[in-house]
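*Asks:* next one to model:
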Amino acid sequence: MASNFKEYYKIAARNLKMRSLRSWLTVFGIVIGVFLIISLLSLSEGIKDTIKRQLTSLGGNMIFVMPGDDTNPLSGIMFGGDKLEKQDLNAIEKTEGVQKVLPASYQAINTRFGQENKSLVVEGFPLIDGMEVLKKFQGWSLESGRWPSAGQKEVVVGIKFAQDIFKTKVKAGAEFNIKGKKFVVTGILNSLGSKQDDSSVFMDIGEFQDLVGQQRGTAQMAMVQIDENADANQMALKIKDSLRRVQRRAYGSDSLNFAVITSQKVSDIAGGVMAVIQFAVMAFASIAIVVGGIGITNTMYTSVRERTREIGIMKAIGATNNAIMAVFLIEAGIIGFGGGIGGTILGLGVAALVQAYGQVHPMFYFTALFSPWIVIFGLSFSFIIGCLAGILPARAAAKLRPIDALRKYE
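*Replies:* Presented below is the predicted three-dimensional model:
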């Protein structure tokens, strides 16, 4: 059996070599589909893994309160929404099981350093009272300099802000202007894992609110530290109840315009979004491979017509229908598998290039995920498509009667 397969493979390889241009063009159709699968799945898996790692690092005892609703909590951040008023923040702080509440606000503001002007995100946190929480749960640490002092126009900046935003590097002790007011950079943060954060300016929330004209005691969002042994989901429900009571007293309504979510909830939402993206990627890439499979079918039918006499001779000297089918199926499988190899190499290469670009330019420092199952799937799928595409032409070749095949070319 093994020797027969070896002979069938030699015949198939020889025939493909004789029709190399057509074979390569057919292979190219499969390459495109596999390339899409490998590159896009590698990148989407990498982005999903990066998001989950960043959210997991926050720990289970952090809850986020922000404008929007639980089904789409990021909409409030992206498109704006209600602010957390002083009574809202007080209600959260008084909820049983809450250790500390860190109000936060942010805004893109024109920043001037030397002769350069840039529009950058400035974020306000309670840097003095909330520093321990920021260090523990947000991963804040200083690359150089010191932390700001209370009541001073002092800030810390992300490492990209210090090194890449301006032509002249910003060092601890440097002065720059935000909306015409002078601030001193007391410290440079180590990377926070996000391009946006690493390019931002961080100041005490009181200074921020004075700078942008936001009412003191309010915030655009809040980070809530809960007791270490508390159940995050139960605490989220308690915080919602506290906020609803405030809404009922203030407006006579139980409607809640804020999302109260745990870090696990954000991770699940991100995972769900990426799963939808991956499904769409698979659908479009599969269509491309199926189109390539149709190309294989067309090529194999053409090959059957061109090799009718050869098939007749093979049958005349004793070749069985199964042998004829095996030769054509092996040819189709080689085309599919060859396209899979080419598409895999191209897909991994493009994913690696995008990953290298992603370390410098996009919002997150994501990495592509080169898992073996993606490669195995791409190669297996392309081989199976090739074989399936070759079934009908192979059957057509096997059904040819030797006398009819030979008579056609007399």
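*Asks:* okay, CA-based contacts and neighbour counts for the rest of this
*Replies:* Fine.
*Asks:* how about low-confidence regions in the chain?
*Replies:* 1-23, 50-60, 68-82, 251-254, 266-267, 269-271, 358-366, 402-410 (pLDDT under 70).
*Asks:* quick one, domains of it?
*Replies:* If you go by automatic domain parsing, the domain ranges for the chain are 2-54+267-407, 83-256.
*Asks:* so which of those gets nearest residue 62?
*Replies:* domain 83-256 (4.9 Å; CA to CA).
*Asks:* show the end-to-end separation of the closest one, please.
*Replies:* 12 Å (CA to CA, to the nearest Å).
*Asks:* would you convert the domains of the chain into TSV that also reports distance to residue 66?
*Replies:* Listed next are these as TSV, based on distance: least, CA to CA, whole Å:
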stretch	distance to residue 66
domain 2-54+267-407	15
domain 83-256	4
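*Asks:* pretty sure residue 332 sits against residue 389.
*Replies:* Yes. With contact defined as CA atoms under 8 Å, residue 332 reaches residue 389; the gap is 7.0 Å.
*Asks:* neighbour count for the two, which is higher?
*Replies:* Legend: neighbour count by other CA atoms under 10 Å for residue 332 and residue 389, higher for residue 332 (33 against 25).
*Asks:* which is the next helix or strand following the one helix or strand the more buried one maps to?
*Replies:* In the assignment (DSSP states H and E), residue 332 maps to helix 321-358. Following helix 321-358 in sequence order, the next helix or strand is helix 372-399 (DSSP H and E).
*Asks:* so which elements touch that next one?
*Replies:* Judged by 3 or more CA pairs under 8 Å, 6 or more residues apart in numbering; DSSP states H and E, the packing partners of helix 372-399 are helix 20-56, helix 263-306, helix 321-358.
*Asks:* in TSV: those, plus distance to residue 186.
*Replies:* Listed next are the helices and strands packed on helix 372-399 as TSV, based on distance: least, CA to CA, whole Å:
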stretch	distance to residue 186
helix 20-56	26
helix 263-306	30
helix 321-358	29
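*Asks:* for residue 199, which of those helices is the nearest?
*Replies:* Closest among the helices and strands packed on helix 372-399, once you apply CA to CA, is helix 321-358, at 15.0 Å.
*Asks:* next, the angle helix 20-56 makes with that closest one.
*Replies:* Helix 321-358 and helix 20-56 meet at an angle of 50 degrees, taking axes from the mean of the first three to the mean of the last three CA atoms, to 10 degrees as the criterion.
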